[in-house]
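**Q** Just need the structure, nothing else, for what follows:
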Amino acid sequence: MNAKITRRELAAAALGSAAALPAAPPQSAPEDLDTVAKEQVRKNAEELAKFDLPMSTEPAFQFKA
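**A** Reported below is the predicted structural model:
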C-alpha cells in the first residue's frame, strides 16, 4: 500500500495531533528558558517521529545565488 500525502495533509495531521495532546499546565516564569526550549524541541521531535514519511514526500532543494 503506497499512500501519498500532500504537504497540506501532513500539516493538518501534525496540527491535529498537537491539538489532541493535553494542555500543559501554565508555568510561572521558567528559570532557564534554554532548558525549556530544548525540552519542547525534544517533545516535538518525538511527536513528528511517529509519522512514517517516504523520502519522495519532499523533494530536495537546490539554492542557487
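**Q** Please tell me I have it right and Ile5 contacts Thr57.
**A** Yes - between Ile5 and Thr57 there is a contact under CB atoms under 8 Å: 6.7 Å. Quick note: C-beta positions are derived from backbone N, CA and C, even for glycine.
**Q** what's around Arg42, how many residues?
**A** Using other CB atoms under 10 Å, Arg42 is surrounded by 10 other residues.
**Q** pLDDT value on it, please?
**A** pLDDT recorded at Arg42 is 95.
**Q** and it, what is it in contact with?
**A** By CB atoms under 8 Å, 6 or more residues apart in numbering, the contact set of Arg42 is empty.
**Q** List the buried residues for the host helix or strand of it?
**A** Per DSSP states H and E: Arg42 is located in helix 33-49. Along helix 33-49, not one residue counts as buried under the neighbour rule (16 or more other CB atoms under 10 Å).
**Q** For that helix, list the C-alpha coordinates in PDB.
**A** Below are the C-alpha coordinates for helix 33-49, written out as PDB (Å, rounded to 0.1, in the frame of the first residue of the first chain):
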ATOM      1  CA  LEU A  33      14.500  29.300  29.100                       C
ATOM      2  CA  ASP A  34      17.100  27.400  27.200                       C
ATOM      3  CA  THR A  35      16.300  24.200  29.100                       C
ATOM      4  CA  VAL A  36      12.600  24.700  28.500                       C
ATOM      5  CA  ALA A  37      13.100  25.300  24.800                       C
ATOM      6  CA  LYS A  38      15.300  22.200  24.400                       C
ATOM      7  CA  GLU A  39      12.600  20.100  26.100                       C
ATOM      8  CA  GLN A  40       9.900  21.500  23.800                       C
ATOM      9  CA  VAL A  41      12.100  20.700  20.700                       C
ATOM     10  CA  ARG A  42      12.700  17.100  22.100                       C
ATOM     11  CA  LYS A  43       8.900  16.600  22.600                       C
ATOM     12  CA  ASN A  44       8.100  17.900  19.200                       C
ATOM     13  CA  ALA A  45      10.700  15.700  17.600                       C
ATOM     14  CA  GLU A  46       9.200  12.700  19.300                       C
ATOM     15  CA  GLU A  47       5.700  13.500  18.000                       C
ATOM     16  CA  LEU A  48       7.000  14.000  14.500                       C
ATOM     17  CA  ALA A  49       8.900  10.700  14.600                       C
END
